[in-house]
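1. quick one: sequence and predicted model below, then my questions.
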Amino acid sequence: MNLEMKDISKSFGSNLVLDGVDFSLEGGEIKALLGENGAGKSTLMNILGGVIDANGGQIFLDGKNVSFSTPKESLEAGIAFIHQELNLINDLAIYENLFIGRELRKPNRLLDHDAMIKATEEVFRRMELDLDPRTMVRDLDASYKQIVEISRAMLMNARLVIMDEPTTSLTDPEIERVFAMMQTLSRQGVGIIFISHKLNEVMTICHSYTVLRDGKMVASGLVKDVTSSKLASFMVGHDVVEGKRAEGHIGKVVMEGCSLSDGRHFNDISFNVHEGEVVGFTGLLGDGRSELFQAVFGAQKFTSGQLFLDGQEVHVKTTSQAVRLGIGYVPRNRKENGIIKDMSIFENGSLATMSTRKKNLVFLDENRLEEEFKAQRKALSIKMDNEDDPITSLSGGNQQKVILARWLSAGPKVLILDNPTQGVDVGAKEEIYEIILSLARSGVAVVVLSSEAQEVMRVASRCYVMYHGRIMDCLSSDDMNEKNIMRLATGVEE
Amino acid sequence: MKDKFEGITSIKPVAWFRNQWAQRPLFSTLCALIVMIVLQTIALGFDQGSFLGWLSLWTRNWLNILRNNATIGIIALGMTFVIITGGIDLAVGSTLVAVGAVVMIFIDGSATGLLTSIGITGAPAYIIGILIGIVVGLALGQVTGLLITVGKLPPFIATLGMMNICRSVTQQCMQTINPSVPRSFTKIANLSVGGQMFMPIIYWLIIAFIMHYISRHTAFGRYVYAIGSNERAAKLSGINTQRVKRTVYTIMGALVAIASVLQVSRIGSMDYANAGSGYEMDAIAAVIVGGTSMAGGKGTIAGTVVGVLIIAVVNNLLNLLGVPPFLREAFKGVIVIVAVLLQKKEKV
């Protein structure tokens, strides 16, 4: 099957997400679709998958002009979209998952298990797979789950498969297995669109590539004609913004980690953070940096390694202990991890200090908490009417500042910020950067976790780049540029 | 919320009323209570000859209601904390029986009584008995808390298990022992001041005030709300969520122990098979009617007190109207359902 997407445009409100993108795929071709977060990859694929409508442009399948308004129509035309979050039910067998919602029945309306198992076996034979359809999905490893999703597409005679970052949560042997599957399908003439951030994988498995940046197609061609660092520079473009930072005084090492591992998300991590320094941690989805610092903060466990605070080894078992030790933590995903939606702005801003601000042995020193919050409110210029209003009445940027206030009142020695500008508008973003920098100038050791290279370059004086749970390198000064970050974050070693 | 008062909002008191109704959960609960009290007063009748005669009847009726509901009232206070954290405690009735049995063994006034036989009687024996009872309540609560936090059991399951264990073990142990409650012990609940017995009411109100202050003005109290609203965010704000939850169930155990002492003192005996059965549901019902959300994070101690009163007044009203006892439970069910239907619900 031949796919041609011509001059596809899409805008959300006044925001142009796709600007006249061309994209094509031959039968049996494996094509990488590359781009940074927000480049328009998902939008383009969602248009192809019938999830959203395009504003302009045409789609041709084998020369025939088509348009899909629902995922079902797209699927019926032979296009299967395998999402990053797998859509399988763990407590059902493989064949039951394959037929879910379209079960085969006997004339008496009862399920025809035998026919479903037979059909599944038939698909597996075509895919050269040795797998019992009766196996429970729970018992499969992540790569086989991925393969079960693909076989569901094959059962429906898909001729084109879109795979959205299929290898994110897989180990190396599992990745091999998925790649072998992709090659088998390719030999049988199935076209595959492979969305990934991992350039070394792209170099291994893909025949061709298309790079999107800011909603435009910026490069397209054969993989054998490019290098991975060339692809990385296509992705970030040439207009690399220079970070402007005022250097403060950098003092002694405050926090140091020595070969920290949790046996799952990160491995053999060593790092240090100095007084008055902003250190960045960056990488792509699934690099393990969030899990690493949740463990530093006592919300998860290390299985090995040592953590030092002011030269003393510490074993942080609970988050309350971390707070007592002088560690602060602004989590990612503010809505799930940050705000307490049933509480007021003031209470959300005082949550980390309540336990230590007491009038006597029992009761809260409400006046002191209030004064501290007022001071932070002024320092961070949080815009609000009344501090007793619910936190949900504030905008994203102001909510984030309230969470910052929560920690600044506690006066931490080390402040960890995970994706501090998530869901924050541009103006507030810049304000938060300034807050981070002035915090460092006042002597706090700051760790900023972010997947945006520009953000890290804006605030950090050094940055560790992680890939698949390991630290690839620590970049500083001139080496800390988007090209190097992207190269390391995509697992390309030189 | 749908606009219930559309068209009449230009009138000032109506606007005020509408505003209060929408803004303050406690306001609507209080309105319900006032309506119930008015109905109950009407049902009580005014034909008492003199105003003083009517007033004394009305007061006596009220003291009766409050006294009879003090036990549930005290349990409901602890249940409020439990439910605000997003949990539930089904074991309160059985814990009440277990603690009651322990207390009775220690205060046993007969010659073979545990303390009597070694020469300790009267107030010292009572104090020891009550303290040990409270310790048992604390310990049972702590066990429940550990099952929920360290054992990671859902509160429903952990307390369902504790419910069966406590009653069953108590019944087995108390098969051959039959402690008698000394007459003077019953004074704790039945002390008559000015011809009226209102000690249980006083205990209930004192505990309610303490719990109210804890919920509003201590870090622990605020953490209870934070955990119920968003446990993960609470943990990531440096709150020891496990310890707070354990403490909540431990407080629950202590309050059940106090309720148990009151119950033993008031009745002077305990039926180990049936005492306290259904208390868990009555307490949960009162907490819910009082505006606490089963989903956690929202609720007040004051609301729970009002919730207990609403259910009590309706029971009294049904009694005055001569509704058959079997049907009264149905009304309780209706109240709970209506109360939750009226609560503001978040969209899924």
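-> That came in fine, so what should we check first?

2. please count neighbours and contacts with C-alpha atoms only from this point.
-> Will do.

3. distance of the closest residue to A:G326 other than its chain neighbours from A:Y329?
-> Among residues not flanking A:G326 along the chain, A:P412 sits closest, at 4.5 Å (C-alpha to C-alpha, 6 or more residues apart in numbering or on different chains). Taking C-alpha to C-alpha, to the nearest Å as the measure, A:P412 falls 9 Å from A:Y329.

4. can you pull the contacts of the residue of the stretch 1-150 of chain B found nearest chain A?
-> Taking C-alpha to the nearest C-alpha as the measure, the stretch 1-150 of chain B has B:I84 as its residue closest to chain A, at 11.2 Å. Going by C-alpha atoms under 8 Å, 6 or more residues apart in numbering or on different chains, B:I84 touches B:224-225, B:228, B:292-299.

5. near chain A, from those?
-> Taking C-alpha under 8 Å from any C-alpha of the partner chain as the test, chain A is in contact with B:297-298 out of the contacts of B:I84.

6. so which bits of the longest helix along chain B are buried?
-> Longest helix in chain B by number of residues (criterion: DSSP state H): helix B:51-84. Buried residues in helix B:51-84, counted by 16 or more other C-alpha atoms under 10 Å in any protein chain shown: B:54, B:57-58, B:63-84.

7. could I get the average pLDDT for it?
-> In this model, helix B:51-84 has a mean pLDDT of 91.

8. chain center to that helix: distance?
-> With C-alpha atoms, centre = their mean, to the nearest Å as the basis, helix B:51-84 stands 10 Å off its chain's centre.

9. can I get the CA coordinates of whichever helix or strand comes after that helix in CSV?
-> Moving toward the C-terminus from helix B:51-84, the next helix or strand (DSSP states H and E) is helix B:92-107. This file holds the C-alpha atoms of helix B:92-107, laid out as CSV (Å, rounded to 0.1, in the frame of the first residue of the first chain):
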residue,chain,number,x,y,z
VAL,B,92,-16.1,0.2,65.4
GLY,B,93,-19.0,-1.9,66.7
SER,B,94,-16.9,-4.9,67.4
THR,B,95,-14.1,-2.9,68.9
LEU,B,96,-16.7,-1.4,71.2
VAL,B,97,-17.6,-4.9,72.4
ALA,B,98,-14.0,-6.0,72.8
VAL,B,99,-13.1,-2.9,74.8
GLY,B,100,-16.3,-3.2,76.8
ALA,B,101,-15.5,-6.7,77.8
VAL,B,102,-12.0,-5.8,78.9
VAL,B,103,-13.3,-2.8,80.9
MET,B,104,-15.9,-5.0,82.6
ILE,B,105,-13.4,-7.6,83.6
PHE,B,106,-11.3,-5.0,85.4
ILE,B,107,-14.2,-3.2,87.1
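
10. the helix or strand that comes right after helix B:92-107 and chain A, any residue contact?
-> Counting by DSSP H and E, the element after helix B:92-107 in chain order, helix or strand, is helix B:122-149. No: applying C-alpha under 8 Å from any C-alpha, one finds helix B:122-149 separated from chain A by no less than 13.4 Å.

11. now do helix B:122-149 against helix B:92-107, angle only.
-> Angle of helix B:122-149 versus helix B:92-107, following axes from the mean of the first three to the mean of the last three C-alpha atoms, to 10 degrees, is 150 degrees.

12. and the next helix or strand past helix B:122-149?
-> Sequence-wise, the next helix or strand downstream of helix B:122-149 (DSSP H and E) is helix B:155-173.

13. check which helices and strands the helix or strand just after that following helix is in contact with.
-> Counting by DSSP H and E, the next helix or strand C-terminal to helix B:155-173 is helix B:187-190. Applying 3 or more C-alpha pairs under 8 Å, 6 or more residues apart in numbering or on different chains; DSSP states H and E, one finds that helix B:187-190 makes contact with helix B:199-217, helix B:241-267.

14. what pairs with whatever helix or strand comes next after helix B:187-190, parallel or antiparallel?
-> Going down the chain from helix B:187-190, the next helix or strand is strand B:192-193, by DSSP H and E. Strand B:192-193 has the following strand partners under DSSP bridges: strand B:196-197 (antiparallel).

15. pLDDT averaged over the partner strand - what is it?
-> 78.

16. over to the residue nearest in space to the middle of chain A. Which of the three states is it?
-> Nearest to the geometric centre of chain A sits A:L285, at 3.5 Å (C-alpha atoms, centre = their mean). Taken by DSSP: H, G, I helix; E, B strand; the rest coil, the conformation at A:L285 corresponds to coil.

17. pLDDT score for it?
-> For A:L285, pLDDT reads 73.

18. do the same with A:I94
-> Value listed for A:I94 in the pLDDT field: 93.

19. okay, now it: neighbour count?
-> Neighbour count for A:I94, taken as other C-alpha atoms under 10 Å in any protein chain shown: 28.

20. my guess is it contacts A:P133, does it?
-> Yes: at 5.2 Å, A:I94 counts as touching A:P133 under the criterion of C-alpha atoms under 8 Å.
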